[in-house]
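Trainee: What would the 3D arrangement of this be:
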Amino acid sequence: MKNSRNEKRSQHPNVETQASLKWEKGYKNVEVFSKEHLPVSLAYDVAQLSTKFTKERGAFTVALSGGSLIKYLRKLVDSPYAETIDWSKWHVFWVDERVVPKDNLESNYKLANDGFLSKVPIPPLNVYSIDDSLPPDGAADVYETTLRRLVTSNVIATSTNGLPKFDLMLLGMGPDGHVASLFPGHPLLNEDQKWISFLNDSPKQPPERITFTFPVINASSNVAMVVTREFTTSSKDGRRGRALEQNVPYSSDLLALQPSIQRSQEQTPTSKDLLALQPSIQRLA
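Mentor: Numbers count the residues shown, from 1 in each chain. As a prediction, this is how the structure comes out:
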């Protein structure tokens, strides 16, 4: 797996020399990058997956989160990716969203559109934002209906147990260790029936949000996490921060991680293109 990935990287100029450190103590295949080098590596991996799934399926389904992740996608809007990626085949979704107007500064849609989507020619009908005119429960229901329609039409692949199987899910991690809008100790961590759920009591503002549930996240073909050191070391209770801080060299600025997600439904993802972290993503909560 590692050799295959490195061989691919060696075909791309500069990428191999930009990894500031490869580190495998405690976690599998964790790679540490500087802030300057991570966007280059991330763009390369995303472009490889885009080509793979476009050829195999005729579509590339990507689910985005908010936060600092979007700025690390910036290399995708530059040459050579801007010209070589088949953007017409991209279908973009949100792992979670704040229930606010699309022009609100808290909107994950606005963040992604301003920093990434408006700079690449993805067809507008292939960008699936939530209906911000609805309350959280209604917005979640409509979004799940949209996903079910796209699964039926084979735009989104299907897992062996009937869940939507996104080609790539891009996640960040909050200061408290949350992913998507699945917060430590929240009842939504145990939701295993719905694809999309909502909350009115987010511990982080704004309180009203919709989110993918863990079964949907776990069903993805590829999951990439982008975790900044300052996020992981500022965890409220210190546990997650200390765990990484004790093992990751202090010279690192940024981590790019792909969890090798534990699954009850399917086998671990088979991607050889993104970065791997052993623990289940569910343990972050």
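Trainee: can you list contacts of stretch 97-115?
Mentor: For stretch 97-115, the external contacting residues (Cβ atoms under 8 Å, 6 or more residues apart in numbering) are 64-67, 70-71, 73-74, 92, 94, 96, 129-130, 132, 134-136, 139, 198, 205-206, 208-211. Glycine gets a C-beta too; all of them are placed from N, C-alpha and C.
Trainee: Quick one, which of the residues you listed are buried?
Mentor: Among the contacts of stretch 97-115, the ones that count as buried by 16 or more other Cβ atoms under 10 Å are 64-66, 70, 73, 92, 94, 96, 129-130, 132, 136, 139, 198, 208-211.
Trainee: Do a quick rundown of the helices in the stretch 101-250 of the chain.
Mentor: Along the stretch 101-250 of the chain, counting by DSSP state H, counting those that start in this stretch, helices occupy 108-115, 136-152, 214-218, 229-232, 239-247.
Trainee: I'd like to know which of the buried ones among the contacts of stretch 97-115 are part of strands.
Mentor: Mapping these onto strands (DSSP state E) picks out 64, 92, 94, 96, 198, 209, 210, 211.
Trainee: Would you mind giving these as TSV with distance to residue 181 added?
Mentor: Output for these, formatted as TSV (distance: Cβ to Cβ, whole Å):
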residue	distance to residue 181
64	13
92	18
94	10
96	4
198	9
209	4
210	7
211	4
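Trainee: would you list those residues in JSON lines and tack on pLDDT and distance to residue 86?
Mentor: Listed next are those as JSON lines, based on pLDDT from 0 to 100; distance: Cβ to Cβ, whole Å:
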{"residue": "64", "pLDDT": "96", "distance to residue 86": "18"}
{"residue": "92", "pLDDT": "99", "distance to residue 86": "14"}
{"residue": "94", "pLDDT": "97", "distance to residue 86": "22"}
{"residue": "96", "pLDDT": "94", "distance to residue 86": "27"}
{"residue": "198", "pLDDT": "93", "distance to residue 86": "34"}
{"residue": "209", "pLDDT": "94", "distance to residue 86": "32"}
{"residue": "210", "pLDDT": "95", "distance to residue 86": "29"}
{"residue": "211", "pLDDT": "95", "distance to residue 86": "29"}
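Trainee: I figured residue 170 was touching residue 64, is that so?
Mentor: Yes. Counting by Cβ atoms under 8 Å, residue 64 is a contact partner of residue 170 at 5.5 Å.
Trainee: How about residue 186: what's its closest non-neighbour residue?
Mentor: In this structure, residue 186 finds its nearest non-sequential neighbour in residue 199, 6.9 Å apart by Cβ to Cβ, 6 or more residues apart in numbering.
Trainee: Next, count neighbours for the one you found.
Mentor: Residues near residue 199, counting by other Cβ atoms under 10 Å, number 22.
Trainee: what sits against it?
Mentor: By Cβ under 8 Å, 6+ apart, the contact list for residue 199 reads 136, 181, 186, 188, 207, 208, 209, 211.
Trainee: now residue 187
Mentor: Listed by Cβ under 8 Å, 6+ apart, residue 187 has no contact partners.
Trainee: do residue 151 as well
Mentor: Counting by Cβ under 8 Å, 6+ apart, residue 151 touches 157, 158, 164.
Trainee: Of those residues, just say which sits nearest to residue 216.
Mentor: The nearest member of the contacts of residue 151 to residue 216, counting by Cβ to Cβ, is residue 164 at 6.0 Å.
Trainee: List the beta-bridge partners for that closest one.
Mentor: According to DSSP bridges, the partner residues bridging residue 164 are residue 158.
Trainee: Give me the pLDDT for it.
Mentor: Among the per-residue scores, residue 164 holds a pLDDT of 97.
Trainee: Next: residue 37.
Mentor: Predicted confidence (pLDDT) for residue 37: 81.
Trainee: do you know how far it is from residue 168?
Mentor: Look at residue 37 and residue 168: by Cβ to Cβ, to the nearest Å, they are 20 Å apart.
Trainee: Ok, residue 161 next?
Mentor: In this view, residue 161 and residue 168 are 20 Å apart by Cβ to Cβ.
Trainee: Could you look up the SS state of residue 45?
Mentor: helix (DSSP: H, G, I helix; E, B strand; the rest coil).
Trainee: My guess is residue 91 contacts residue 155. True?
Mentor: Yes. The criterion here is Cβ under 8 Å, and residue 91 meets it with residue 155 at 5.9 Å.
Trainee: For residue 171, give the beta-bridge partners.
Mentor: Counting by DSSP bridges, residue 171 forms beta bridges with residue 225.
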